[in-house]
Structure formats: structure tokens, C-alpha cells
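Q: Turn this into a structure:
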Amino acid sequence: MDPEVPEDLIIVMERMIRYVRRSATAGGLSSAASFVLARLSSEGPQRLTELARAEGVSQPNMTQLVTRLERAGLVRRIADRSDGRGVLVEVTDTGLEIFRQRRAERAQALHQLIEELTEPEQHAVKVALPALARAIQDRQPRS
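A: Sure thing, here's the model as predicted:
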């Protein structure tokens, strides 16, 4: 593979990700808040420490973010049944709906981009993206 191809691909992917992220406006959330809702929606309730570690932020920053999300009615804190002293954060029905709206907005933005391509380009994208997703999945640690 040409050594410039991965760098060119990264630049295009970064631009595409920024474009698609900016298209999600439901709930007026920051990217960090959107990531937390996405994680809780897909992985279920988690401790603040787990969320902070997964998102690469400090626990105090995650606590502030969760507090803001809680005030907005998008998440709630619940007792950890496996540890009576522990607290978990879970997404509310409202938070789940906002997450779904944002995902739909991002999907629509990507769909519109793909629709602007020629038919051969559309076919190439429809083959390449699932292949890249599979390669990423193969690198994920197994639980």
C-alpha cells in the first residue's frame, strides 16, 4: 500500500467524522455528553469511574458531566445491586430517545454524503466501510 494512502484516509475520515458529529443537534449536547449517552445506551449502567476511564477523562470531570446530564433528565444514578455502597449511572428513557435522535441525524448526514457520490463510488463505500468495521471488531478485546 502506498504510504500516503493511510494518512490521506485519516484526513478524510477525520473530516467526515466532524461533519457527521456536527449534524447531530438533538438535545444540544456536547460530544462528551453524547459519548456518555451512547456508552450507557449500548453497554448499560456503569460506575462513574468506569465511564471516566472509558472516555479518558478525570473522575471529577465525569462527575460534573453526569450531574449536568442528570439535571437534564437524561441519566439517573441508581444503587449498584452487587455492591450496596456503589452507585451506577444509567440512561433514562428521555436520554435514550435523545441518543436515538442523534444517531438518526448522524446516519442521515452520512446517507446524504453517500448519495452525492457516483454509483461506483457508492458501491466502493458500501464494501469498504463494513470491511473496516469488521477489522476494527476483530481488534476488540473479547469478554
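
Q: C-alpha from now on. contacts and neighbour counts both.
A: Fine.

Q: in which helix or strand would I find Leu88?
A: Per DSSP states H and E: Leu88 is located in strand 83-91.

Q: what angle sits between the helix or strand following that strand and strand 83-91?
A: Counting by DSSP H and E, the element after strand 83-91 in chain order, helix or strand, is helix 93-115. Interaxial angle of helix 93-115 relative to strand 83-91 (axes from the mean of the first three to the mean of the last three Cα atoms, to 10 degrees): 40 degrees.

Q: Give me the average confidence score over helix 93-115.
A: Averaged across helix 93-115, pLDDT comes to 95.

Q: for it, which positions count as buried?
A: With burial defined by 16 or more other Cα atoms under 10 Å, the residues of helix 93-115 counted as buried are 95-103, 105-107, 109-110, 114.

Q: ok so, going back, counting by contacts, list what the strand holding Leu88 packs against.
A: helix 31-43, helix 48-55, strand 75-80 (3 or more Cα pairs under 8 Å, 6 or more residues apart in numbering; DSSP states H and E).

Q: Only alpha carbons, please: show that strand as CSV.
A: The C-alpha atoms that make up strand 83-91 are tabulated as CSV, following Å, rounded to 0.1, in the frame of the first residue of the first chain:
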residue,chain,number,x,y,z
ASP,A,83,-22.4,-3.5,46.0
GLY,A,84,-24.7,-1.7,48.3
ARG,A,85,-22.2,1.2,48.7
GLY,A,86,-21.8,1.7,44.9
VAL,A,87,-23.7,3.9,42.6
LEU,A,88,-24.3,3.3,38.9
VAL,A,89,-25.3,5.7,36.2
GLU,A,90,-28.0,4.6,33.8
VAL,A,91,-29.6,6.3,30.8
